[in-house]
Each structure stands twice: as structure tokens, then as C-alpha cells.
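Engineer: quick one: sequence plus predicted model below, questions after.
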Amino acid sequence: MAFTTGPLSQRLKLSHGFGAVAFGVKDGGFSFFLLPFYNLVLGVEASVVGAALATALVVDAFVDPLIGNLSDRTYTRWGRRLPWLYFAPIPLAVLWALLWSPPFSGTPSYWEIVVLAVGVRLLLSACEVPSISLVPEITDDYDERTTLFRYRFLSAWLGGLLMMVLTFAVFLPTPESQLRPEGYAQYGLFGAILMAVAVIGSAALQHRTVAHRPADRPPPFSLRSAFGEIFEAFSERAFVIYAAGGLAAYVLQGMTFSITQYVNLYVWQFSELAFKLFPAALFVSVVLMFVIVGPLHRRLGKPRVAAFGALAGLGFFAVPYLLLLAGFWPETGGTASTALYYVFLVFGNTSSVVASISATSMVAEIVEAFEERTGRRAEGTFYSGNWLVQKCATGGGILLTSLIIQSLALTPGTPQSAVAGDTVSRLVWLYLAATTVLALIAAYWLARFPISREDHEARVALREARRAGEADPIDDVARADPDALAIKP
């Protein structure tokens, strides 16, 4: 039984979404600044940074699903999720600050980066997985779930963009300062405080709505039973299809974000003002997403919107680079070039975020499909799987960027004017090739997600009818449409 019925209050939408600010801070930091910081500023080879982050993801692969399973098993008078949201943010904040001001002498080593990255990722999972798992618990409604994800994505992007604005206006205001470590330490400290305030504040604001003791006490914990439940959940066909598309989509996102500093600096020759305007362009794209994603879901359904968003994002992102290579683009570094690039960036990022929010929202419908088959709800397990897909993919995208940069032999601290034209061309071609392959894979699988709005609503109606005590388990909903409750091939 969901915690609410009918339309959600504005207060609940805002308070729930506020918790995602922490994810936005982390995602922006890992995606935009982490690789340039350790590579260009601290002098760590790009391949070493990428390998360290990949190693951290291997650890995540074993621990993240356990966090989701433990969240599902948590049994307190505050419910299953709130204890995590009150206690995990403080150590997360400490490690986030240390990530940007490494407590090591000399150039950080591979294992030192691994330790910091693992700590941050696992503690963020302990915040984000319980928080996002509240969505299917708060409401069963197909569209209201999209609404909650709209607010989560908006808040996450606002958190990331706030950090980006402060980065380019305060912490790293010039291209020269982006190659020095002092501003990154300030960036990490401010982000740490913001993360803790967002997660704890969101939990406190939702407390009255979601603080309910679970109806059933979970069985005693054991690793064997936990991994058995995790394997069963991850074998759900709809989740496997989602994971195939989501993995490609999030690798693409991770690569695009982590390569942004390189292409803005070396391909588009951004000026100091252009860097400061970059967050504004992203903000416009996120506002557009917030406005259009709900109507698109109501008209087309989440799987189609996810696939169309991936393809549209590919088109908008690729056109400027193709025009540049063909010689039809204004001189890079000038006002015309920057303004035109921002137009494509706004629509490309809007499309990509629409694809991401659609894919994430689709996971909520897997919860009821799994419950119908097994009699057990596993919100935390599925969203730890979703979170694992995102983190592995984002790390994979960063690793892919690191390999691209390594192949170009860009040395730490290289100024804009010192990069040869053929190096820029190779960067563009490699980026375009990887982007095209990943976007096509993502669109193919996301379009094949097997749960439609009609399937979900029929499943929820049947579940509620059974709980109301109707004698015949094969409800009129199923009689009217025998295929309504089947997951389609």
C-alpha cells in the first residue's frame, strides 16, 4: 500500500526532490572535474585515474546491491529508509572534502585514489538508494512517479549547476586557476556541507509522510539469502532489458560529462566568460526537461520517450562537431561560435536528460511486476541495481574519456594555445564515434522495455482488488485484457 493516494502535495514533491542535490554535487564533481583535477592539476596519468575509478566500481558491484537489500530489510518505527538518510550523510561529507584535498604527500597513487573513490561512492549509495527507493513507496501512480523523478532530476541538476556556477565564478574563475589545486579544496568543502544538508533536510521534511513501521518483519539477514534475493531481482526480464539500455545511456553520459572540460577548453576554445555561461545553458536545458517530460510520458509512454531522447541527444550533440570538421563552423573562441554551440548544447542536453529520467522512472514499474511474480517488494534492491548501472556506466564513461585523452598525449597543464590542430581533430573523431555507438545501443534497448502504462495500471488494480478481499484472483482487469499483466517480449 502506497503512503499516499491521489495527487501529491507540492511540499512533498519539493522535500523529496531536495535529497537528490547530494547526487548532483557528486555527479557533477566526478563527471566534470575529477579527471581534470587529478590529471591536469595533480599530475596523475589519465589512465591511472580511469583505472582507479574502474577498480572502485568493481568494489561497488559487490557492495551496492547489499546496501539496497539491507535498506529493504531495515525494520524500524521510522520505516525502512529514513535511518539511512539520517546517519550516512556525515561520513559522506568528510570523504567528499578529502577527495578534493587529498591527505597524501606528493602525487596521489592509484590505491590512494581507489580508497577515496570507494568511500565516496559507497556512502553516496547509502544515501541515494534509500532516498530514490521511496518513490514507488510514496505513490503507485504512473504519472505521479514521473513527477517525483522530475523534481529529483531538477534538484540534482540544480545542485550540480550551483557547484558549477561557484566553481567558475569563485573557486576556479579563470582557465589558469583551473590548473591549480587551491580552488578544488574550497570546492570540496562547500560541496560536502551542501550534501549533508540536502540529505538530512530532505529526510526530516518527509519524515511525517514516510516514517511508518513496515507491515512485515524481514527474515534474519544472511549473505546467502541476501545474494539469492538480489540475483532473483536482477534476473527479472524487464530489469535486464532496462540495464542493457541504461548501461549504454549512462556510459554515454559519463563520457560526455568527463570530456566536457577538454572539449570546451581545447576544441571550442572557451573564454573565461564562456566558462561562466556554461552552467546557465545547462540550467535552461533542465528547465525544458522539467516542462516537457511529463506531457511526453502521458502521450508516448516512458520507453518510447527514453529511446527518442537518446537519438535526439545524439543528433544535437553531433552536429556542431560535424560542421566544425567540415569547415562550416564560425571561428572557435569567438562569440558566434560560442553562442551557436550553446543553442545545440541546450537542446542536446534536454534530450539526454529526458532519456535519463525516463529510464530511471521505468525502474519503478519493475517493482510491481516483481511483486506480482514473487509476492515480495524490493524497491531498494532494484534501485541499488539502477544505481549500480549508473555508477558503473559513469565510471566506464570516465575510463573511456581517460583512454581517449591518453591516446592524444595531452600533458598536465597544457594551455589552450599549445594544442595542435590535428590533436583537436582526433579528439573530435574519437568522441563522435563513441557517442554514436553508445546512443544507438541505448535507444535500441530502452525502446524494448516491456512494461507499458496499461500493464502497470492493470497490475496495481489487480493487487488492490486482492487486498480488498475479492474472491477471484483473476480480476476483471485481467479478464478484459488477458495480456494486460504479461510482460511482453
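Structural biologist: Now that the structure is in, tell me what you want to look at.
Engineer: nearest to the spatial middle of the chain, which residue is it?
Structural biologist: Residue closest to the average C-alpha location in the chain (Cα atoms, centre = their mean): Q390, at 5.7 Å.
Engineer: correct me, but that residue touches Y250?
Structural biologist: Yes - using Cβ atoms under 8 Å, Q390 is in contact with Y250, at 4.9 Å. For the C-beta atoms, the positions are set from N, CA and C on the backbone; glycine is no exception.
Engineer: ranges for the helices of the stretch 101-250 of the chain?
Structural biologist: 110-138, 142-166, 182-210, 223-234, 237-262 (DSSP state H, counting those that start in this stretch).
Engineer: the second one packs against which elements?
Structural biologist: If I follow you right, that is helix 142-166. helix 10-18, helix 21-28, helix 110-138, helix 182-210, helix 272-300, helix 335-374, helix 453-467 (3 or more Cβ pairs under 8 Å, 6 or more residues apart in numbering; DSSP states H and E).
Engineer: let's see that with 10 Å instead.
Structural biologist: helix 10-18, helix 21-28, helix 110-138, helix 182-210, helix 272-300, helix 302-326, helix 335-374, helix 453-467 (3 or more Cβ pairs under 10 Å, 6 or more residues apart in numbering; DSSP states H and E).
Engineer: return the most buried member of those helices.
Structural biologist: helix 21-28 (a mean of 26; mean count of other Cβ atoms under 10 Å).
Engineer: any idea which helix or strand comes after that one?
Structural biologist: helix 35-36 (DSSP states H and E).
Engineer: roughly how far is that next one from the heart of the chain?
Structural biologist: How far helix 35-36 lies from its chain's middle: 19 Å, per Cα atoms, centre = their mean, to the nearest Å.
Engineer: so what touches it?
Structural biologist: 42, 44, 46, 49-50, 53, 172, 178-179, 184, 257-262, 265, 398-399, 401-402, 405, 412 (Cβ atoms under 10 Å, 6 or more residues apart in numbering).
Engineer: and with 6 Å instead?
Structural biologist: With contacts defined as Cβ atoms under 6 Å, 6 or more residues apart in numbering, helix 35-36 is touched by V49, S258, Q261, I398.
Engineer: and P7, how many neighbours?
Structural biologist: P7 has 12 neighbouring residues, counting by other Cβ atoms under 10 Å.
Engineer: mind checking how far the closest residue to it other than its chain neighbours is from T5?
Structural biologist: Closest residue to P7 apart from its sequence neighbours, by Cβ to Cβ, 6 or more residues apart in numbering: E144 at 7.1 Å. Relative to T5, E144 is positioned 10 Å away (criterion: Cβ to Cβ, to the nearest Å).
Engineer: for L85, same thing?
Structural biologist: Counting by Cβ to Cβ - L85 and T5 are separated by 24 Å.
Engineer: just want the phi and psi numbers for T5.
Structural biologist: phi -130, psi 150 (degrees, to the nearest 10).
Engineer: quick one: residues contacting the residue nearest to the centre of the chain.
Structural biologist: Q390 touches Y250, counting by Cβ under 6 Å, 6+ apart.
Engineer: recalculate using a threshold of 10 Å.
Structural biologist: Counting by Cβ under 10 Å, 6+ apart, Q390 has contacts 23, 27, 128, 246-247, 249-251, 253-254, 356, 359-360.
Engineer: using TSV, lay out the residues you listed together with pLDDT and distance to S452.
Structural biologist: Putting these into TSV (pLDDT from 0 to 100; distance: Cβ to Cβ, whole Å) gives the following:
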residue	pLDDT	distance to S452
F23	91	28
D27	83	29
E128	91	27
G246	89	18
L247	89	22
A249	90	20
Y250	85	23
V251	88	26
Q253	83	25
G254	81	29
S356	90	20
A359	91	15
T360	89	17
